[in-house]
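S.K.: coordinates for the following, if possible.
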Amino acid sequence: MTGFYIYVSYCFIMSVIAFNMMRIDKKKSIKHRYRIKESTLIWMAILGGSVGELIGMYSFRHKTKHKKFYIGLPLILFIQCMILGLILYYKYVPNS
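M.R.: A predicted model of the protein is given here:
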């Protein structure tokens, strides 16, 4: 298994976890219970769960009015895509 597939698998697993964290936090907010910290949700996105968190944010209409989420999560995803693009570019483009 190459590094690319390992990275994609890791991001998929982190996205599933982040999606479920958004679902759980939304349920807890409805019931006025102890919540998951916003910093924890942001760190999950930084660690690879940004796709799952974005999907969860709009699926459950949760944290959609917080700037750090509606601006921050797409920005984190963009940065992660750029890093992945650079890794793939330098791996597969021959040196001139």
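
S.K.: how close does residue 52 sit to residue 74?
M.R.: According to C-beta to C-beta, to the nearest Å, residue 52 stands 13 Å off from residue 74. Glycine gets a C-beta too; all of them are placed from N, C-alpha and C.

S.K.: er, residue 9 actually
M.R.: 23 Å.

S.K.: ok, residue 26 next?
M.R.: Remark: distance between residue 26 and residue 74 (C-beta to C-beta) = 19 Å.

S.K.: just give me the residue right at the centre of the protein.
M.R.: residue 50 (1.1 Å; C-alpha atoms, centre = their mean).

S.K.: roughly how far is stretch 35-49 from the heart of the chain?
M.R.: In terms of C-alpha atoms, centre = their mean, to the nearest Å, the centre of stretch 35-49 is set 8 Å apart from its chain centre.

S.K.: next one: the longest helix seen in the chain to chain centre, how far?
M.R.: As assigned by DSSP state H, the longest helix anywhere in the chain is helix 3-30. Put simply, helix 3-30 sits 7 Å off its chain's centre (C-alpha atoms, centre = their mean).

S.K.: who does the helix or strand of the chain with the lowest mean pLDDT touch, helix- and strand-wise?
M.R.: Lowest on mean pLDDT, DSSP states H and E among the helices and strands of the chain sits helix 72-92, with a mean of 89. Helix 72-92 is packed against helix 3-30, helix 50-59, with contacts defined by 3 or more C-beta pairs under 8 Å, 6 or more residues apart in numbering; DSSP states H and E.

S.K.: which residues does that helix contact?
M.R.: In this structure, residues lying in contact with helix 72-92 by C-beta atoms under 8 Å, 6 or more residues apart in numbering are 4, 7, 11, 42, 45, 46, 48, 50, 51, 53, 54, 57.

S.K.: so how far is residue 9 from the fourth one?
M.R.: What that stands for is residue 42. In this structure, residue 42 and residue 9 are 22 Å apart, going by C-beta to C-beta.
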